[in-house]
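**Q** quick one: sequence plus predicted model below, questions after.
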Amino acid sequence: MQWRTLLEQAAHIAELASEQDISLVTLFCDDYPPLLAEIADPPPLLYVRGARRLLRQPQLAVVGSRKSQPPTLQLVEQWCRSMAAAGVTITSGLALGVDGAAHRGAVAAQQSTLAVMATGFDQLYPPRHCNLAEQIVAAGGALVTEFAPGEKPLAANFPRRNRIISGLSLAVWVVEAAIKSGTLITARTALEQNREVLALPGSVNNPLTRGCHQLLRDGARLVENAAEIVSLLGANFRVESSVEQSYTPVQEKLLAALGYDLVSLDIIAERCGWPVAEVARLLAELELTGGVSRQVGGWQRC
């Protein structure tokens, strides 16, 4: 009776997968990702919607905080756009924050990206990334999960998803991570899987960079630009060069007063020796060009 129930469940899953144009990749398939097969507990079955061939492509995992601020997300999107254009397959977890920015960067470059989910395909999480998921597939990317249809976003599913993200990849780039965070757990899982861990340093005043600093102390490799990451992956790709934004002397002075931390309008005006109203006007102009961004509590350089 138990075997009949299992066979019925398998038939139901196969039917659902067929209806939604989802491929089933087992551990015994020739195109099962070889790096993932090497980890201690590889998923025996993967559901794939989109380009199944991406599973075997060299990949870079991009992980970070869901709470990262716009300047960090802009940097992630820009770097991932450049790396994707250079031929690097970007892999992440479709979450809010850094994950979403990584996928958007690849999609903006009209390149493939691979999103690993912590739910079944019919329970996509977070719901606000439904459009992004469709864009990923339309751009030649893929959505991947080990969870059957109907599986909801349970807390226990996310660490399991994270081991797949790192397991698929040659290296894991950690953008931001608090000391106690799922991102840091992913990085440690990557180390256990003998993956290269790359970390981006940041302000000592930002709690979301302390996890990266801890990783750097523990031997992670510091990276400062996208070309460096591409080079570390052992590829000879050309990274798109970014156009340097030019600023007037007044804007340069304003940016220097801003530094690289969140600063209130009053403090910026005090540092420049200018009226608050004039500083507010100049900051608004810089915001339109992408030089600065307005945050809760002040302004931040992009």
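**A** In hand now; what should we look at?
**Q** Ala61 reaches Trp173, doesn't it?
**A** Yes - taking CB atoms under 8 Å as the definition, Ala61 is a contact partner of Trp173 at 6.8 Å. Every residue, glycine included, has its C-beta placed from N, CA and C.
**Q** OK, contacts around Val292?
**A** Taking CB atoms under 8 Å, 6 or more residues apart in numbering, we find Val292 in contact with Leu255, Leu258, Leu283, Leu286, Trp299, Gln300, Arg301, Cys302.
**Q** what count of nearby residues applies to Glu278?
**A** By other CB atoms under 10 Å, 13 other residues sit near Glu278.
**Q** export stretch 253-266 as CSV, just CAs?
**A** Presented in CSV, the C-alpha positions along stretch 253-266 are these (Å, rounded to 0.1, in the frame of the first residue of the first chain):
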residue,chain,number,x,y,z
LYS,A,253,33.4,69.1,-2.3
LEU,A,254,29.9,67.9,-1.3
LEU,A,255,30.8,64.2,-2.0
ALA,A,256,34.0,64.6,0.1
ALA,A,257,32.0,66.0,3.0
LEU,A,258,29.6,63.1,2.6
GLY,A,259,32.3,60.4,2.9
TYR,A,260,31.1,56.8,2.6
ASP,A,261,28.8,56.6,5.6
LEU,A,262,25.2,57.7,6.2
VAL,A,263,25.4,61.4,7.1
SER,A,264,22.6,63.8,8.1
LEU,A,265,21.9,67.0,6.1
ASP,A,266,22.9,69.3,9.0
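**Q** quick one: residues in contact with it.
**A** Here stretch 253-266 makes contact (CB under 8 Å, 6+ apart) with 203, 205-206, 247, 268, 271-272, 276, 279-280, 282-283, 286, 291-292, 295, 297-301.
**Q** which one is Val48 nearest to, not counting chain neighbours?
**A** Leaving aside its chain neighbours, Val48 sits nearest to Ser23 (4.5 Å; criterion: CB to CB, 6 or more residues apart in numbering).
**Q** hang on, the one you found packs against Arg52?
**A** Yes - using CB under 8 Å, Ser23 is in contact with Arg52, at 4.9 Å.
**Q** residue contacts, the residue positioned nearest the centre of the chain?
**A** Centroid check for the chain by CA atoms, centre = their mean gives Asp99 as the closest residue, at 3.0 Å. By CB under 8 Å, 6+ apart, the contact list for Asp99 reads Val62, Val63, Gly64, Arg66, Ser92, Gly93, Ala115.
**Q** export the helix or strand harbouring Gly211 to PDB, keeping only CA atoms.
**A** Using DSSP states H and E, Gly211 sits within helix 210-217. Taking Å, rounded to 0.1, in the frame of the first residue of the first chain, the C-alpha atoms of helix 210-217 are listed here in PDB:
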ATOM      1  CA  ARG A 210      30.800  42.700  10.300                       C
ATOM      2  CA  GLY A 211      30.100  39.200   9.000                       C
ATOM      3  CA  CYS A 212      32.200  40.000   5.900                       C
ATOM      4  CA  HIS A 213      35.000  41.300   8.100                       C
ATOM      5  CA  GLN A 214      34.800  38.100  10.100                       C
ATOM      6  CA  LEU A 215      35.100  36.000   7.000                       C
ATOM      7  CA  LEU A 216      38.100  38.100   5.900                       C
ATOM      8  CA  ARG A 217      39.800  37.400   9.200                       C
END
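**Q** many thanks, I have nothing further to ask.
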